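> Turn this into a model:
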Amino acid sequence: MKHRRIPRRRAAVAGAGIAALVVAGVTFQSANASEPTDSAQPKTLSAPAAGKLASLLGQNLGTDAAGTYYDAETRSLVVNVLDEAAAQVVEEAGAEARLVENSLAELRSARSTLRQEATIPGTAWVTDPTTNKVVVTADRTVSDTEWAQLTDVVRALGGTAGLQRTKGEFKPFVAGGDAITDGSGRCSLGFNVVKGNEPYFLTAGHCTQSITTWSDSSGKEIGQNETSKFPGDDFGLVKYTAEVDHPSEVNLYDGSAQAISGAAEATVGMEVTRSGSTTQVHSGKVTGLDATVNYGNGDVVDGLIQTDVCAEPGDSGGSLFSGDKAVGLTSGGSGDCTAGGETFFQPVTEALTATGTRIG
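Numbers count the residues shown, from 1 in each chain. Prediction:
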């Protein structure tokens with residue numbers, strides 16, 4: 001099913017009684033859209049507020065919603081829709097409406113085809129709301145024969161998908177926050193959490209898959225695994241077994257720390273910061289949601305947050321946050337903090353729900 005393209009529309013400020021609407025898509029920038037046709041401006045929103053509005057809008061729009069992203073420059077929420085009626089709802093809620101051709105159902109169908117026909121180690125794909133396509137990325141390990149296979153699959157998907165290369169190699173960052181180790185390998189602590197009034201911490205699942213008893217950088221044993229999820233997801237829950245301080249904060253590696261008061265869903269365009277024990281603190285933006293990554297060892301992880309924040313081995317499990325809100329746990333990616341690349345994160349909200357924990 002295809003939809004008529006019409007110009008991007010600017011939203012008017014929402015009234016108090018506007019009902020909810022939502023999002024399902026992901027990231028990037030201006031596809032199938034022209035310059036605005038009127039001077040009305042959307043609401044000025046923080047990234048967390050934009051994420052909440054997007055979720056509410058999705059509930060009202062249903063199948064007429066085709067993804068959202070946050071425009072950090074204008075501090076506004078952009079919502080892809082399929083018809084004029086949905087655009088009107090978006091504008092009345094204080095967001096910017098943009099009519100696009102591909103529905104979320106069509107994009108999900110493209111992802112399903114990729115899963116069946118293009119699950120090749122060294123590839124990743126993410127739904128990109130700014131291009132209204134599924135963007136497929138192949139790393140340097142993908143052979144010419146595999147590249148030809150990807151090209152054929154993407155070409156057959158028509159206007160719902162695009163293909164690109166990255167110079168790096170997709171891999172879990174095994175080697176935010178403080179270093180945790182068992183003496184043979186090192187990862188990073190993500191966030192301190194609470195379960196049944198007992199202290200725990202979250203880290204990456206590919207870390208807890210290979211290490212069961214954890215020590216801090218001094219060698220003191222501090223915790224043992226309770227839950228480990230990898231592949232599919234990438235989170236692990238560790239219970240503190242030692243009397244140590246476990247504040248709800250992230251090490252900023254400058255003598256200070258960022259207090260963490262809760263968790264937030266990622267939004268495309270959200271400004272985020274990552275802390276990890278190898279490369280310490282780096283910042284950037286969320287560039288995609290619901291990413292699928294085929295790591296070079298054959299492990300596939302779904303539902304990840306994609307960013308342009310750099311990371312390296314040993315940063316795995318570390319904290320991704322926006323202000324005082326926990327957002328993600330470092331999973332893996334390509335490149336490093338010299339050349340750059342893509343980095344993927346396990347959403348914290350999913351890990352909290354699955355483990356029955358909360359930010360303490």
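> tell me which residues of stretch 347-358 are tucked away?
347-352, 355, 357 (16 or more other C-beta atoms under 10 Å). C-beta: built from backbone N, CA, C; applies to glycine.
> any idea how far Thr287 lies from Gly341?
Per C-beta to C-beta, to the nearest Å, Thr287 is found 11 Å from Gly341.
> Looking at those two, which is more packed in?
Between Thr287 and Gly341, Thr287 has the larger neighbour count (other C-beta atoms under 10 Å), namely 25 against 21.
> The one helix or strand the more buried one maps to packs against which elements?
Element membership for Thr287, per DSSP states H and E: strand 280-294. With contacts taken as 3 or more C-beta pairs under 8 Å, 6 or more residues apart in numbering; DSSP states H and E, strand 280-294 sits against helix 104-117, strand 123-128, strand 271-276, strand 300-307.
> So for Asp233, which of the ones you listed sits nearest?
Evaluated with C-beta to C-beta, the helices and strands packed on strand 280-294 place strand 300-307 nearest to Asp233, the distance being 6.8 Å.
> about what we covered before: hey, which of the helices and strands packed on strand 280-294 is tucked in deepest?
strand 123-128 (a mean of 27; mean count of other C-beta atoms under 10 Å).
> From the rest of the structure, what touches whichever helix or strand comes after that strand?
With elements assigned by DSSP H and E, the helix or strand that comes after strand 123-128 is strand 133-138. Contacts to strand 133-138, defined as C-beta atoms under 8 Å, 6 or more residues apart in numbering, come from residues 28, 31, 102, 107, 110-111, 114, 118, 120, 122-128, 146-147, 150, 154, 157, 159-166, 288, 342.
> Strand 133-138 vs strand 300-307, what angle?
Counting by axes from the mean of the first three to the mean of the last three C-alpha atoms, to 10 degrees, strand 133-138 lies at 110 degrees to strand 300-307.
> in its sheet, what does strand 133-138 sit against?
strand 123-128 (antiparallel), strand 161-165 (parallel) (DSSP bridges).
> right, so of the ones you listed, which gets closest to Gln258?
From these, taking C-beta to C-beta, the stretch that ends up closest is strand 123-128, at 26.9 Å.
> tilt between the closest one and helix 104-117?
180 degrees.
> Now do the nearest residue to Gly303 once chain neighbours are set aside: how many residues are near it, please.
Nearest residue to Gly303, sequence neighbours excluded (C-beta to C-beta, 6 or more residues apart in numbering): Asp290, at 5.6 Å. A count of nearby residues for Asp290, using other C-beta under 10 Å, gives 21.
> if I look at Asp290, how far off is Leu150?
With C-beta to C-beta as the criterion, Asp290 and Leu150 are 20 Å apart.
> so who does the residue lying farthest from the centre of the chain touch?
In the chain, counting by C-alpha atoms, centre = their mean, Glu243 sits farthest out from the average C-alpha position, at 33.3 Å. Under the criterion of C-beta under 8 Å, 6+ apart, the contact list for Glu243 is empty.
> what are the phi and psi angles of it?
According to degrees, to the nearest 10, the main-chain angles of Glu243 amount to phi -80, psi 90.
> try Cys187
Taking degrees, to the nearest 10 as the convention, Cys187 sits at phi -130, psi -160.
> Can you tell me the element His246 falls in?
Counting by DSSP H and E, His246 is found in no helix or strand.
> and it, how many neighbours?
Count around His246 with other C-beta under 10 Å applied: 18.
> And Ala118, how far from Ala156?
With C-beta to C-beta as the criterion, Ala118 and Ala156 are 10 Å apart.
> Looking at the two, which has the bigger crowd around it?
Ala118 (22 against 11).
> And for the more buried one, nearest residue in space, chain neighbours not counted?
Nearest to Ala118 is Val153, by C-beta to C-beta, 6+ apart, at 4.7 Å.
> With Pro231 instead?
Nearest non-adjacent residue to Pro231 (C-beta to C-beta, 6+ apart): Asp299, at 3.9 Å.
> Spit out the contact partners of that neighbour.
172, 206, 230-231.
> and if you look at Pro347?
265-266, 303-305, 327-328.
> at 6 Å instead, please
305, 328 (C-beta atoms under 6 Å, 6 or more residues apart in numbering).
> With Glu312 instead?
278-279, 336-337.
> Check the secondary structure at it for me.
coil (DSSP: H, G, I helix; E, B strand; the rest coil).
> mind checking how far it is from Thr74?
When Glu312 is compared with Thr74 (using C-beta to C-beta), they lie 33 Å apart.
> what do you get for Glu226?
Counting by C-beta to C-beta, the gap from Glu226 to Thr74 is 44 Å.
> Next, name the residue at the spatial heart of the chain.
Ile305 (1.3 Å).
> May I have the beta-bridge partners of that residue?
Phe345.
> what sits against it?
266, 286, 328, 345, 347.
> Can you select the buried ones among the residues you listed for me in ChimeraX?
The ChimeraX selection below is limited to those of the contacts of Ile305 classed as buried (16+ other C-beta under 10 Å):
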select :266,286,328,345,347
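> Switch the contacts of Ile305 over to a markdown table; also include pLDDT.
Shown next, in a markdown table, are the contacts of Ile305 (pLDDT from 0 to 100):
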| residue | pLDDT |
| --- | --- |
| Ala266 | 94 |
| Val286 | 95 |
| Gly328 | 98 |
| Phe345 | 98 |
| Pro347 | 98 |
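> Leu56: which of the contacts of Ile305 is nearest?
Once C-beta to C-beta is applied, the member of these that ends up nearest Leu56 is Ala266, at 16.5 Å.
> how about the closest one, what does it touch?
Contacts of Ala266 (C-beta under 6 Å, 6+ apart): 286, 305, 327.
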